[in-house]
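Student: my questions are about this predicted structure, shown below with the sequence.
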Amino acid sequence: MMQAIPGQHPTRVDRPQDAWIAWAGRVGLYALLLFYQLNATVSYVGLDLMILVFILQTGRWLPILRGDPVVRVYLLLVLFVAGYARWAAHEFPETSAAQWMAVSNCMHWLAFIPVAWIVRAEKKHLNLMLLLLAAGVLARILIHVEWSQLGSIFRWPRLGFGLTETVFAPLAGITALGVLLLAPRLMGDTWRGVLLVGLGLIGLLIFLEALVLSQTRGVWLAAAVVYPVSLAVRYRDWLRRRAFQSTKSLLWLALALALVGVFIQQNSGFLINRIQAEHVEAEPGTARIAIVGDKEVKLATSIGYRVIMLRIGWQRWLERPWLGWGPGSSEWLLQQAGNPLLNQDVPMQNGKAFSLHLPHLHSVYLEVLVRFGVLGAVLFFALPVLLLRGVWKAYSAGAIPWDYACFLLAGWGFTAIVAVFDFQIFKFAWRNYCVIWAALSYAVYLEALLQRRPAA
């Protein structure tokens, strides 16, 4: 998918240890891609292995990356996060442990440059990389399916398939997006092509059904916005040249629309019930009473909690708009607010308690402002802007084809919408997803960068 670099010689392996280093990087990459949301230990080992390989290959990448704007912003961001955490731990000593934990989480998802370097080196196998990503998500779904209840799938409860629903849903949504935009690469005239198309369709239905079962409305909204727009942009040439020019193409288009209609109709119960779930309150943010066990507990709906946290976060940001409160400040600020709805243990029927001590503000954008202020937000959001520009430049330079460019750009749009409603840096699967997505984008940026260099 990423094409060979014109005017460049393939990388030569001059010493036996170079082959072992390249092999170690490949193993680390494939381990991360397959297990990024399946197993924290395996994914961490894969990431650490790639970082080690990156360090051992310093002589190769240093001349290329020196002076690169992405690297400059990256280094500034790393220094800012670490330095500001040290200051915040001193200024607010009760948050010291949380500040350094937040630094660890940030360093994790910022570790995309070594991964991107190895992705670019393995560009011939990019289709395999994408299949591994999808296979890992599919494996999670199949492992956690209640097969004995498969006949009543349209009446299942809300599921995260072993993860929190708000973590799993974006992963399923982005995987389904990839199948929708990249599926034609599987097509062919042979029986193998037909088989792959059939498997791809089955996989797509599984991902979409899992997305529905997650009942995560923010991700549903992202899918409702991004899927139709990206499909129209991705297949614009086919729609213009073929879809309305032949009866066969019109039949295929009608079949696709009919399948979409049937899918929505079958899942209409999930969709309607979840969308209307907030109507139990007259006003978002107001409390309601639930009888849990033998106690009365004040609760709010999910939108109600988000409204409360939005108000708290906005107020605290206005108190320190330029620098914020530090990388690990959100949970402390929510506790300081003293709102009883956000700080309680809800008794359950089994005698245990479910904690409502919420550690974040449920929005990436608000979290960045509260934690790092305007100055930090400029650094954080400069990275995706530079990466998006790099993807577009890579497409313009012919380094990547149109479908892959659409996938990366649409994926950024999908993630940007999801980020409005949730913040999942605490979860290893989400951090790994951020590493991988930024790495895929930066890898094509490196491809375009290398194409502009003189021939070796």
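Tutor: Nice, I can see it.

Student: how many residues are close by Ala97?
Tutor: When counting by other CB atoms under 10 Å, one arrives at 11 neighbours for Ala97. For the C-beta atoms, the positions are set from N, CA and C on the backbone; glycine is no exception.

Student: which residues touch the closest residue to it other than its chain neighbours?
Tutor: For Ala97, the nearest residue in space outside its immediate sequence neighbours is Gly328; the separation is 7.7 Å by CB to CB, 6 or more residues apart in numbering. Listed by CB atoms under 8 Å, 6 or more residues apart in numbering, the contact set of Gly328 reads 85, 88, 95, 97-103, 371.

Student: in JSON lines: those, plus distance to Ile118 and pLDDT.
Tutor: JSON lines is the format used below for these (distance: CB to CB, whole Å; pLDDT from 0 to 100):
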{"residue": "Ala85", "distance to Ile118": "29", "pLDDT": "93"}
{"residue": "Ala88", "distance to Ile118": "34", "pLDDT": "92"}
{"residue": "Thr95", "distance to Ile118": "36", "pLDDT": "90"}
{"residue": "Ala97", "distance to Ile118": "33", "pLDDT": "91"}
{"residue": "Ala98", "distance to Ile118": "32", "pLDDT": "90"}
{"residue": "Gln99", "distance to Ile118": "31", "pLDDT": "92"}
{"residue": "Trp100", "distance to Ile118": "28", "pLDDT": "92"}
{"residue": "Met101", "distance to Ile118": "28", "pLDDT": "91"}
{"residue": "Ala102", "distance to Ile118": "27", "pLDDT": "90"}
{"residue": "Val103", "distance to Ile118": "25", "pLDDT": "91"}
{"residue": "Arg371", "distance to Ile118": "30", "pLDDT": "94"}
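
Student: can you give me the helices for the stretch 151-300 of the chain?
Tutor: With DSSP state H, counting those that start in this stretch as the definition, the stretch 151-300 of the chain shows helices at residue ranges 165-182, 191-214, 217-234, 236-238, 247-266, 268-275.

Student: out of those helices, deepest packed?
Tutor: Relative to the other members of the helices of the stretch 151-300 of the chain, helix 165-182 carries the highest mean neighbour count by mean count of other CB atoms under 10 Å, namely a mean of 24.

Student: packing partners of it?
Tutor: helix 126-143, helix 191-214, helix 217-234, helix 402-421, helix 428-451 (3 or more CB pairs under 8 Å, 6 or more residues apart in numbering; DSSP states H and E).

Student: and it, what's its mean pLDDT?
Tutor: Helix 165-182 shows a mean pLDDT of 95.

Student: now that helix: how far from the chain's centre is it?
Tutor: Per CA atoms, centre = their mean, to the nearest Å, the displacement of helix 165-182 from the mean C-alpha position of its chain is 9 Å.

Student: what is the orientation angle of that helix with helix 217-234?
Tutor: Relative orientation of helix 165-182 and helix 217-234, computed by axes from the mean of the first three to the mean of the last three CA atoms, to 10 degrees: 10 degrees.

Student: so Glu331: helix, strand or coil?
Tutor: Under the three-state scheme (DSSP: H, G, I helix; E, B strand; the rest coil), Glu331 adopts helix.

Student: let me see the contact set for it.
Tutor: With CB under 8 Å, 6+ apart as the criterion, the residues that contact Glu331 are 98, 357-360.

Student: Trp100 too?
Tutor: For Trp100, the set of contacting residues under the criterion of CB under 8 Å, 6+ apart consists of 85, 89, 328.

Student: quick check: it vs Gln266, distance?
Tutor: 48 Å (CB to CB, to the nearest Å).

Student: cool, His144 as well?
Tutor: The gap separating His144 from Gln266 is 21 Å, by CB to CB.

Student: how does the chain divide up, domain by domain?
Tutor: Under automatic domain parsing, the residue ranges defining each domain of the chain are 16-234+384-451, 236-275, 279-362.

Student: out of those domains, deepest packed?
Tutor: domain 16-234+384-451 (a mean of 18).

Student: picking that back up, just send the helices and strands packed on helix 165-182 back as JSON lines, with distance to Phe112 too.
Tutor: Written out in JSON lines, the entries for the helices and strands packed on helix 165-182 read as follows (distance: least, CB to CB, whole Å):
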{"stretch": "helix 126-143", "distance to Phe112": "14"}
{"stretch": "helix 191-214", "distance to Phe112": "24"}
{"stretch": "helix 217-234", "distance to Phe112": "21"}
{"stretch": "helix 402-421", "distance to Phe112": "13"}
{"stretch": "helix 428-451", "distance to Phe112": "4"}
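
Student: nearest to Ile312, of these?
Tutor: Minimum separation from Ile312 across these (CB to CB) falls at helix 402-421, 16.4 Å.

Student: mean pLDDT lowest where, among the helices and strands packed on helix 165-182?
Tutor: helix 191-214 (a mean of 84).

Student: show me what it is packed up against.
Tutor: helix 126-143, helix 165-182, helix 217-234, helix 268-275.

Student: make it 10 Å
Tutor: helix 126-143, helix 165-182, helix 217-234, helix 247-266, helix 268-275 (3 or more CB pairs under 10 Å, 6 or more residues apart in numbering; DSSP states H and E).

Student: dump the third one to CSV, keeping only the CA atoms.
Tutor: Output for helix 217-234, consisting of C-alpha atoms alone and laid out as CSV, is shown next (Å, rounded to 0.1, in the frame of the first residue of the first chain):
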residue,chain,number,x,y,z
ARG,A,217,-23.7,6.7,21.8
GLY,A,218,-20.6,8.9,21.2
VAL,A,219,-19.1,6.2,19.0
TRP,A,220,-22.5,5.7,17.3
LEU,A,221,-22.5,9.4,16.5
ALA,A,222,-18.9,9.2,15.1
ALA,A,223,-20.0,6.3,12.9
ALA,A,224,-23.1,8.0,11.7
VAL,A,225,-21.1,11.0,10.6
VAL,A,226,-17.8,9.5,9.4
TYR,A,227,-19.0,6.3,7.7
PRO,A,228,-21.3,7.8,5.0
VAL,A,229,-18.9,10.8,4.4
SER,A,230,-15.8,8.6,4.1
LEU,A,231,-17.6,6.0,1.9
ALA,A,232,-18.8,8.7,-0.5
VAL,A,233,-15.3,10.2,-0.7
ARG,A,234,-13.5,6.9,-1.0
